[in-house]
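1. Kindly return the folded structure for what I paste below:
(2 chains)
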2 protein chains.
Amino acid sequence: MAGTETGATAVIRGARDAGIEVCFANPGTSEMHFVSALDQVPGIRAVLGLHETVCTGAADGYGRMAGKPAMALLHLGPGLANGLANLHNARRARTPTLALVGDMATWHQPADAVLAMDIDSLARTVSEEVYRAGAGGEDFRRLAERAAEARGVTTLVVPHDVSWTRFVRDLAAAMRAASRGRLGIYCGGKALIDAEGALRLLGQIAAASGADLLCENSFARVDRGHGLPKFRRVPYFPQEASAALGKYETLVLVDARRPVANFGYEGGPSQLVTQSEEAVWEIDGDAHIGTVLKLLGMELQAGRIVPFKNCGGVFAGTSRPLLPTGRLTAAAMCATIAALQPEGAIVVDEALTSGTAYWEASSGCPQFSHLTLTGGAIGAGIPMAVGAAMACPARRVINIQADGSGLYSAQGLWTQAREKLNVLTIVCANRTYAILKLELAKQRIAPSNGPAARSLTDLGHPNIDWVALAAGYGVPAVQAGSCEELARQIEVGLARDGPMVIEALL
Amino acid sequence: MAGTETGATAVIRGARDAGIEVCFANPGTSEMHFVSALDQVPGIRAVLGLHETVCTGAADGYGRMAGKPAMALLHLGPGLANGLANLHNARRARTPTLALVGDMATWHQPADAVLAMDIDSLARTVSEEVYRAGAGGEDFRRLAERAAEARGVTTLVVPHDVSWTRFVRDLAAAMRAASRGRLGIYCGGKALIDAEGALRLLGQIAAASGADLLCENSFARVDRGHGLPKFRRVPYFPQEASAALGKYETLVLVDARRPVANFGYEGGPSQLVTQSEEAVWEIDGDAHIGTVLKLLGMELQAGRIVPFKNCGGVFAGTSRPLLPTGRLTAAAMCATIAALQPEGAIVVDEALTSGTAYWEASSGCPQFSHLTLTGGAIGAGIPMAVGAAMACPARRVINIQADGSGLYSAQGLWTQAREKLNVLTIVCANRTYAILKLELAKQRIAPSNGPAARSLTDLGHPNIDWVALAAGYGVPAVQAGSCEELARQIEVGLARDGPMVIEALL
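-> The predicted model follows:
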């Protein structure tokens, strides 16, 4: 199945599995793969109408009496236009109806060929929702189920090339064809969560294809640690990120939007993916990612999943940093946390500039979940730790918290106290907006050291007293001025019930 | 339960039933009914945050780890604004999150009180979808389920008065308070379909409250006939429709949008409902209508459903017209069809001007489904009959078809032949666009009888030969020039397998 599933068969299979039984059709060139798919995936009766208005009117009548949608298969823009009046009646009758409309191949759309029209605008005039299929194995069953629940018309537009693409087989071929070391799998969203063995499978696929596994810089959650895949985290700043991504000949994006620069710096890039369209593959997040990966794994191994033991290098070992000693630096703080965090920890990481070393330091820890700031809107860490602790009461939460950002929502500590949550907050007390100093330098902004610049990037004068602040919110707190002290207090914090704050003096 | 369910308890009950377990809250005046609802409907843990950014950030953290949404209860516009940055992070993290935001009472919104803001615009900046609760018993469980499936933030805005409205009890009280004969129940959509005894219940409610049952003029489907409620169909033209609706002191709309004039005629109305807002009640179509009606029936009868036998007058008896004789008029055609149509028939009615008499004539027929043109886009009948016949192969379909409209999609007859569908099409061959002549007269447009007016409203010169046309599409056809001939041919058509066309010469 992996090899022969096309966009068209995936759509028809999804519709059939959602309970659709009839397709009123008047297809043309761009819908011929659907004609074949209706034969390949049995279960939907194909009924010809001599004009599209017959197809759409029949779908309306069917839906009114059956209480579930029929499909109307229409020939791109002109076919949709022909069927539009009866889709309008279906809209007014609030009849669930699934209009399936072809379109020019994606790469042929700029040519504005004779039959090209603005299908989306046409469709929106009669539709509750308009979807446009990509080639990433979307969950068409779910889409058809939503169409069945809708009161009115749902339109799915499928470009010609999407209908013929044998996604999994073609993707596997592209991955096989990539030169060794020049294939990257860039993951986001659900692809980074260890549900139903998905991460293990992803690692096996990387091992089998010689791919590097990459992850978004601003990820929502990555499950990491011993036995799970090691991801390379794409750097924060655009030049470095662009270089990290640019070295791949072929890029596979799994549930990740195409990375862009967080800001458009003078002379800097906007898009971080610069490969040609043919070199970039996207597995859509609305797909059953597990299914796509499973099929891909089988395809790459000719039906055989590569055994775990042959994947050396892709999966993390058990290396953890030694406990550092002496003066507390940001890097030493990261190493100390990574050396001590328990199995199953949830690390809420809003450490920002102070946390740079944590990614590498923690790669061989016992399995844990790593959460970061996704939208750049600072002040997420303390509240996010509240929510994570409530979602997983049996797991320990460690919040590595930049001090400037923490002050945006320090009152969240009170809820940690009120609800007796097992959250250990480690405040990175560098007493400065270090990121702003970095930005001044990066953007070569002068003067970078005037009174205003100093005043607006400095958190001292007076220093924030996190111990007093936390105590004010009912959370016990201590200061740690050395590596040894930090380690000792982390052990205390992880052993106690309820929240605690450590102000790490960096 | 009927009496105490408020908008707030309905929302909380829906969220709880959809699996939501936590509500991070910082409520104010307009959310206090939710505070009470969280106590009344147990199962959702209420967690206080000292600032809304704590609530939204906690919901983000919870959702990332639990894989299902928490609610964040926010104090109207300013509260949403306070929580916006962490909702933005949740959007970027694609965390399922349900933001529940109060608003001013609907009737207080025009006053633009101090705390009023454009909540919808604020919410749209971070939300996949923004809903605004009405007072019609929406299906909040379904909404919460959709929020759980969404990748990102779903916002539900609930005006203060909606949160406190005890919909069913207040509606029952309003219905009881209406003067005898001045209560109208105006139905559309699902309220007109006999699923799970809903129509019987509706009739019992009408009988118990002394209400008139009304139905939309352009309905998608009404299940009618002996033993089912008799609905008064609101007239087509706005003056008459407005008069028919204006006589009610209290109007209850069940799954129907507020009726409007089909066109804005010179000097004519736009809105057909002119009662004050307090006199109009809406039961939303997204609600579990069956549940609302059941609760309403119990409330009106103090827990006892009124027995069927006491509902005389509301339900249709078995009266059918006698078979007319002699010259075939539009009214005689309607009576003939109503006299002969079998139990379980599906009547696809695009008769338009020729079908005026059919509604009354058919009221005592054996139970049948009646489908009409909903969007005014003519050419629906023949295709709709195709779909209805395919949805219900065991039922007979009778398509009463205006000739002018039928010519828009006559090629649909071919699909009826190809698929051997039991569709009997009765073409109302008045050989004129009679509706256009009526419009010329109604709008007092002069000259109404010039050569252009005659040419553009006449279908003769030459006459369409429907017998030949149908034969060309593979459907046997006959002409009927008298009542007797029409009756005989209808009996033939209903007895045979496959489609047939009768051209009724009016």
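
2. And what about A:Ser319, helix, strand or coil?
-> What DSSP: H, G, I helix; E, B strand; the rest coil gives for A:Ser319 is coil.

3. so what's it up against?
-> When contacts are counted by Cβ atoms under 8 Å, 6 or more residues apart in numbering or on different chains, A:Ser319 touches A:363-364. Any C-beta I mention is one placed from the backbone N, CA and C, and that applies to glycine too.

4. number of nearby residues for A:Ala177?
-> Neighbourhood size, A:Ala177 [other Cβ atoms under 10 Å in any protein chain shown]: 10.

5. separation between it and A:Glu249?
-> Separation of A:Ala177 from A:Glu249 (Cβ to Cβ, to the nearest Å): 9 Å.

6. For A:Asn26, list the residues it contacts.
-> When the contact criterion is Cβ under 8 Å, 6+ apart, the partners of A:Asn26 are A:48-52, A:54-55, A:73-75, A:79, A:82.

7. A:Asp17 now?
-> So A:Asp17 contacts A:141, A:144 (Cβ under 8 Å, 6+ apart).

8. And the helices in the stretch 301-450 of chain A, which stretches?
-> Along the stretch 301-450 of chain A, the stretches classed as helices by DSSP state H, counting those that start in this stretch are A:330-340, A:358-361, A:381-391, A:403-406, A:412-418, A:434-442.

9. Return the alpha-carbon coordinates of the third one using CSV.
-> By that I understand helix A:381-391. Extracted C-alpha coordinates of helix A:381-391, given in CSV (Å, rounded to 0.1, in the frame of the first residue of the first chain):
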residue,chain,number,x,y,z
GLY,A,381,8.0,30.0,31.9
ILE,A,382,6.5,30.4,35.4
PRO,A,383,2.9,30.0,34.2
MET,A,384,3.8,27.2,31.8
ALA,A,385,5.4,25.3,34.7
VAL,A,386,2.1,25.7,36.6
GLY,A,387,0.2,24.0,33.7
ALA,A,388,2.7,21.3,33.1
ALA,A,389,2.8,20.4,36.7
MET,A,390,-1.0,20.1,36.8
ALA,A,391,-1.1,18.1,33.6
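
10. For that helix, buried residues please.
-> Buried residues in helix A:381-391, counted by 16 or more other Cβ atoms under 10 Å in any protein chain shown: A:381-391.

11. how far out from the middle of the chain is that helix?
-> 20 Å (Cα atoms, centre = their mean, to the nearest Å).

12. Can you name the residue of the stretch 351-500 of chain A nearest chain B?
-> A:Pro383 (2.5 Å; Cβ to the nearest Cβ).

13. Distance of that residue relative to B:Met65?
-> A:Pro383 is 13 Å from B:Met65, by Cβ to Cβ.

14. just A:Pro69 next, same as before
-> From A:Pro69 to B:Met65 the distance is 37 Å (Cβ to Cβ).

15. Comparing the two, which shows the higher neighbour count?
-> Using other Cβ under 10 Å, the more surrounded residue of A:Pro69 and B:Met65 is A:Pro69, with 29 against 24.

16. show me where the stretch 401-506 of chain A has strands.
-> Along the stretch 401-506 of chain A, the segments classed as strands by DSSP state E, counting those that start in this stretch run A:423-429, A:477-480, A:500-505.

17. partners of the longest one in the sheet?
-> This points to strand A:423-429. strand A:397-402 (parallel), strand A:500-505 (parallel) (DSSP bridges).

18. Contacts made by that strand with the rest, please.
-> Where contact means Cβ under 8 Å, 6+ apart, the residues beyond strand A:423-429 that reach it are A:330, A:333, A:337, A:351-352, A:354-355, A:381-382, A:385-386, A:389, A:396-403, A:406, A:413, A:416, A:464, A:466, A:470, A:475, A:486, A:490, A:493-494, A:499-506.

19. Find the closest residue to chain B in the stretch 101-250 of chain A.
-> Counting by Cβ to the nearest Cβ, the stretch 101-250 of chain A gets nearest chain B through A:Ala220, at 3.4 Å.

20. so where's chain A uncertain?
-> Chain A contains residues with pLDDT under 70 at A:1-3, A:135-137, A:286-288, A:302-312.

21. Tell me which residue is most central in it.
-> Most central in chain A under Cα atoms, centre = their mean is A:Gly189, positioned 2.5 Å from the mean C-alpha point.

22. Quick one: residues contacting that one.
-> Contacts of A:Gly189 by Cβ under 8 Å, 6+ apart are A:220, A:255-256, A:285, B:94, B:151.

23. excluding its backbone neighbours, what's nearest the residue of the stretch 351-500 of chain A closest to chain B?
-> Nearest residue to A:Pro383, sequence neighbours excluded (Cβ to Cβ, 6 or more residues apart in numbering or on different chains): B:Gly57, at 2.5 Å.

24. returning to that earlier point: and the residue of the stretch 351-500 of chain A closest to chain B, how close does it get to A:Gly268?
-> Counting by Cβ to Cβ, the gap from A:Pro383 to A:Gly268 is 32 Å.

25. quick one: contacts for the nearest residue to A:Ala402 once chain neighbours are set aside?
-> With sequence-adjacent residues excluded and distances taken as Cβ to Cβ, 6+ apart, A:Ala402 is closest to A:Leu352, at 4.4 Å. Taking Cβ under 8 Å, 6+ apart, we find A:Leu352 in contact with A:373, A:378, A:402, A:405, A:428, A:434-435.

26. and what of A:Gly19?
-> A:Gly19 sits next to A:68, A:144, A:148 when contact means Cβ under 8 Å, 6+ apart.

27. That'll do, ta.
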